[in-house]
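[1] here you go, sequence then predicted model.
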Amino acid sequence: MAQSLQITAASLDPALLDLPWDVPLEEWPAKVLAALPRGISRHIVRFVKLSGRVIAVKEIGETVAYREYELLRQLGRIGVPSVVPVGVITGRVDREGEPLEACLVTEHLQFSLPYRALFSQSLQADTATRLIDALAVLLVRLHLVGFYWGDVSLSNTLFRRDAETFAAYLVDAETGDLHQHLSPGQRSYDLEIARVNIIGELMDLQAGEFLEESADAIAIGEMLVERYCDLWTALTDVEMFDAHDRWRVAARIDRLNDLGFDVGELDITTDVDGTSLRIQPKVVDAGHHSRRLMRLTGLDVQENQARRLLNDLDTYAADQDRQGEDEEFVAHDWLTTVFEPAVRAVPREFRGKLEPAQVFHELLDHRWYLSEQQRRDVPMTEAVASYVSTILPGRPDERAVLGVDTEALPVLLD
Amino acid sequence: MATVTFDKATRIYPGTERPAVDALDLHIEDGEFLVLVGPSGCGKSTSLRMLAGLEDVNAGRILIGDRDVTDVQPKDRDIAMVFQNYALYPHMTVADNMGFALKIAGMPKAEIRTRVEDAAKILDLTEYLDRKPKALSGGQRQRVAMGRAIVRNPQVFLMDEPLSNLDAKLRVQTRSQIASLTRRLGVTTVYVTHDQTEALTMGDRIAVLKDGLLQQVGTPRDMYDTPANVFVAGFIGSPAMNLGTFPVLDGMAQVGSAKIAVPRVVIDGFKPEDKNSVTLGFRPESLDVVAVETPDSLQVEVNIVEELGSDAFVYGSLLDQTGKPSQNISSGAGDAQIIVRVDPRQVPKMGSTIHVRMRPNEEHLFRAGTGERITTV
């Protein structure tokens, strides 16, 4: 029976209709492609140009496509860092009328980096550690909202620079499930999958000579388990103390804020005679600093970038002797006189290299180095000029890193 | 290798009243390939995840061999979730792709090599062991992914809809590979699918679930020939069985325009909830097209003919004495529809009326009140 092409999307970009859906994804012409995909994928995936942006198109079974689309939408709604689904295309047929696989379309995450790209850029030796940290945070956040991933790995994650660290985004939700709560069994199995996958991926990088033979892949994989458990404990553990030590409630909240989490709900109970208190965070939300920065300046940036920017804002308030003033006013002035001029000083041709907040983070670092070197307080304008002429030109464009030089390997192709 | 036992295993999700899996009793023999099948929400995946340790067991126990694993962590259960992750690493050799999990576990190199070579022999991958996955075909890459599970020598293989994200061609190919491979290995396998064809073709035995309750467990033949209730009767078989509930008068059920004799034992066993009716099931292939005047024949108006080359099926309406379509019958084609297998060389025209007769002793009788099978012999 003849079927017609069907597009399920929250908001439809008409340009989507112009893509060659009657051609198997593998044979899409180069002119619609943004780059060839790289890395390990069990399905055929292509990066496609669409109305000035880039989308990722994955050929996949129809039910699985709808399921993943819905899961990604739910994850987006509850604020978990994940790729944004665009839509599902079904009812595809080729020119001979033979049915073609359904497609799941997602937005390409700007300025995100696949882990392979990070290793092929010969970054600092602690790259692996920083990626693991980011992945541990992501996994904890997913588990807190009841998401069982089922296939945690570096290749199912994208990384964005976040000041001196990385922020991780979930890319592939195909094996995932959203539950009300996860059982300890589910969490520990997800963690075990993550450990084995990460070690496998690092061993593969070693086999391909992208990672030094001396790096201990197993230890790095185990580090994820350790980081995850530490963070999980800090966020969820029950704490008991004497009722007189009430300051410990505030201290716990501060500690969670330091880790980048807000406490939405704290369970406080006293024992029968009221001599001891028992506290346990019930609802914690990541993004403590980025939310605060957003409220003050409207800037939407990563957590550690926000931390860095807020520090600079505090320094600014102190320098201007305005610490007693309404924070919003000071923040507004900082935004228009410090942040924006600095970021705008980046020539247009360099704007695809880093996100503005990351540029600002590097500027602060650069100014610090210059000041150290010259043993004086180098003003921002000077630091900007020096950064733009000496550092930035050497940086790669990271707005759309879609592939690195390793083979694509869809497992299921003949 | 080991047996698997669900002993009144129950899973109740927080905030729900009805158990997702309700006191499941199921014993799986050592080396057996058991398929859990049922419509979505029936509890099949939950049952598998309980066995894997990914769902809490709220009541009852789960045993692997003689060992009670109800409270054992998933990674300590000695099971393998096959195909959970079948991405291959491009820079590693096929041997390393198969054995890397053993390396992580700290197994000596020589032992890893032996296990990988043994698995490769079974998987016909020996000559590719030192190559990169790029050099393999799609089917071979799938076998490498299976090899990863095999080298671990797990007690039980678990597979949750492993074919759902493959295209149709590879699905059929992989289906037969899995079935033959697990039998060659003799590893106890629990396999979840919603597809009854997959269940019938792969399982040594099939367990059908609905609403968290085990409906029936048996060989594919058992399920097909003696379904335990109306649900199993309608679920197993493609196209599905024709089922209808008919009033019984003077020992005869009025089916469309025909009167069908109902065995004495059925009438004697009537309970108030049966309301003097019986549910009658007959498969499309249990109907023969007969001459117009044949006694006890049913009249079927032909709506659609589906020709499949070796087979042909009529999808039609069962007509009553007055020549109107009868409503109290259903089939895989929907309510008020009946399916008849016909000779592909003599297919009736659309819109025509054919006469069909049930083959003796091929009907299935169920209690109208409860849907349970009535045994007549």
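    Thanks, I have the structure now. Numbers count the residues shown, from 1 in each chain, chains lettered A, B, ... in the order given.
[2] and the helix or strand of chain A with the lowest mean pLDDT, what other elements does it pack with?
    Within chain A, no helix or strand scores below helix A:115-120, which has a mean of 77 by mean pLDDT, DSSP states H and E. Applying 3 or more C-beta pairs under 8 Å, 6 or more residues apart in numbering or on different chains; DSSP states H and E, one finds that helix A:115-120 makes contact with helix A:127-144, strand A:157-162, helix A:184-207. For glycine as for every other residue, the C-beta is placed from the backbone atoms N, C-alpha and C.
[3] ok, which of the ones you listed comes nearest B:Arg221?
    helix A:184-207 (36.2 Å; C-beta to C-beta).
[4] buried residues, the closest one. List them.
    By neighbour count on 16 or more other C-beta atoms under 10 Å in any protein chain shown, the buried set for helix A:184-207 is A:185-207.
[5] and stretch A:85-96, by the same measure?
    A:85-90, A:92.
[6] just the ones of those in helices?
    Per DSSP state H, helices hold no members of the buried residues of stretch A:85-96.
[7] which members of these additionally contact chain B?
    The subset of the buried residues of stretch A:85-96 lying close to chain B, counting by C-beta under 8 Å from any C-beta of the partner chain, is empty.
[8] columns distance to A:Val23 and pLDDT on top of those, output as CSV?
    Below are the buried residues of stretch A:85-96 laid out as CSV (distance: C-beta to C-beta, whole Å; pLDDT from 0 to 100):
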residue, distance to A:Val23, pLDDT
A:Pro85, 22, 95
A:Val86, 19, 94
A:Gly87, 18, 94
A:Val88, 18, 95
A:Ile89, 12, 95
A:Thr90, 16, 94
A:Arg92, 9, 93
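[9] okay, helices next: where are they in chain B?
    B:44-52, B:94-104, B:109-122, B:138-150, B:168-185, B:196-202, B:220-225, B:230-235, B:264-268.
[10] orientation of the second one relative to helix A:184-207 in degrees?
    Calculated by axes from the mean of the first three to the mean of the last three C-alpha atoms, to 10 degrees, helix B:94-104 forms an angle of 130 degrees with helix A:184-207.
[11] do helix B:94-104 and chain A come into contact?
    Yes - under the criterion of C-beta under 8 Å from any C-beta, helix B:94-104 makes contact with chain A via B:96, B:100-101, B:103-104.
[12] care to break chain A down by domain?
    A:6-108, A:113-235, A:239-286, A:299-394 (automatic domain parsing).
[13] please work out which of those domains is packed deepest.
    Of the domains of chain A, the one with the most neighbours on average (mean count of other C-beta atoms under 10 Å in any protein chain shown) is domain A:113-235, at a mean of 20.
[14] got the end-to-end distance for it?
    Using C-alpha to C-alpha, to the nearest Å, the end-to-end distance of domain A:113-235 comes to 28 Å.
[15] buried stuff in stretch B:67-75?
    For stretch B:67-75, by 16+ other C-beta under 10 Å, it's B:69-70, B:74-75.
[16] near chain A too, which of those?
    Of the residues in the buried residues of stretch B:67-75, proximity to chain A by C-beta under 8 Å from any C-beta holds for B:74-75.
[17] farthest-apart pair in the buried residues of stretch B:67-75, please.
    Across the buried residues of stretch B:67-75, no pair lies farther apart than B:Thr70 and B:Lys75, at 15.5 Å, counting by C-beta to C-beta.
[18] what parts of the stretch 51-200 of chain A come near chain B?
    Residues of the stretch 51-200 of chain A that fall close to chain B, judged by C-beta under 8 Å from any C-beta: A:60-61, A:63-64, A:101, A:148, A:150-151, A:153, A:155, A:174-175, A:180-181, A:183, A:185-186, A:188-189, A:192-193, A:195-197, A:199-200.
[19] contacting residues for A:Arg395?
    Counting by C-beta atoms under 8 Å, 6 or more residues apart in numbering or on different chains, A:Arg395 makes contact with A:350, A:353-354.
[20] check A:Leu231 too.
    A:136-137, A:140, A:259.
[21] quick one: those as JSON lines, columns for pLDDT and distance to B:Pro14 too.
    Compiled in JSON lines, the contacts of A:Leu231 are given as follows (pLDDT from 0 to 100; distance: C-beta to C-beta, whole Å):
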{"residue": "A:Ala136", "pLDDT": "95", "distance to B:Pro14": "26"}
{"residue": "A:Val137", "pLDDT": "94", "distance to B:Pro14": "26"}
{"residue": "A:Val140", "pLDDT": "95", "distance to B:Pro14": "21"}
{"residue": "A:Leu259", "pLDDT": "89", "distance to B:Pro14": "27"}
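[22] quick one: the residue lying closest to A:Pro85 once chain neighbours are set aside and A:Glu96, what's the gap?
    Leaving aside its chain neighbours, A:Pro85 sits nearest to A:Leu72 (4.1 Å; criterion: C-beta to C-beta, 6 or more residues apart in numbering or on different chains). Applying C-beta to C-beta, to the nearest Å, the value for A:Leu72 to A:Glu96 is 32 Å.
[23] hang on, the earlier thing: give me the distance from the helix or strand that contains the residue nearest to A:Pro85 to the chain's centre.
    Assigned by DSSP states H and E, A:Leu72 belongs to helix A:62-77. Here the centre of helix A:62-77 is set off from its chain's centre by 18 Å, with C-alpha atoms, centre = their mean, to the nearest Å.
[24] which other residues reach it?
    Residues contacting helix A:62-77 (C-beta under 8 Å, 6+ apart): A:8, A:10, A:58, A:60, A:82-85, A:87-88, A:90, A:101-104, A:106, A:142, A:145, A:147, A:170, A:172-174, A:176, A:178, B:164-165.
[25] picking that back up, okay, the residue nearest to A:Pro85: pLDDT?
    According to the prediction, A:Leu72 has pLDDT 96.
[26] repeat that for A:His43.
    pLDDT for A:His43: 80.
[27] how near is it to B:Asp195?
    On the measure of C-beta to C-beta, A:His43 and B:Asp195 end up 21 Å apart.
[28] which ones among the contacts of helix A:62-77 map onto strands?
    Among the contacts of helix A:62-77, the members found in strands (DSSP state E) are A:8, A:58, A:60, A:85, A:87-88, A:90, A:102-104, A:106, A:147, A:170, A:178.
[29] dump these to a markdown table, plus distance to A:Thr337.
    As requested, the ones in strands among the contacts of helix A:62-77 are exported to a markdown table (distance: C-beta to C-beta, whole Å):
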| residue | distance to A:Thr337 |
| --- | --- |
| A:Thr8 | 47 |
| A:Lys58 | 45 |
| A:Ile60 | 50 |
| A:Pro85 | 39 |
| A:Gly87 | 43 |
| A:Val88 | 47 |
| A:Thr90 | 52 |
| A:Ala102 | 52 |
| A:Cys103 | 48 |
| A:Leu104 | 45 |
| A:Thr106 | 38 |
| A:Phe147 | 42 |
| A:Leu170 | 38 |
| A:Leu178 | 45 |
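[30] and the two most separated of those?
    Spanning the widest gap among the ones in strands among the contacts of helix A:62-77 are A:Thr90 and A:Phe147, at 25.1 Å by C-beta to C-beta.
[31] B:Asn276 is nearest to which of the helices of chain B?
    helix B:264-268 (8.3 Å).
[32] buried stuff in that closest one?
    Quick answer for helix B:264-268 (16+ other C-beta under 10 Å): B:Val266.
[33] list the helices and strands the helix or strand hosting A:Ala34 packs on?
    Using DSSP H and E, A:Ala34 sits within strand A:33-35. Judged by 3+ C-beta pairs under 8 Å, 6+ apart, strand A:33-35 is in contact with strand A:45-50.
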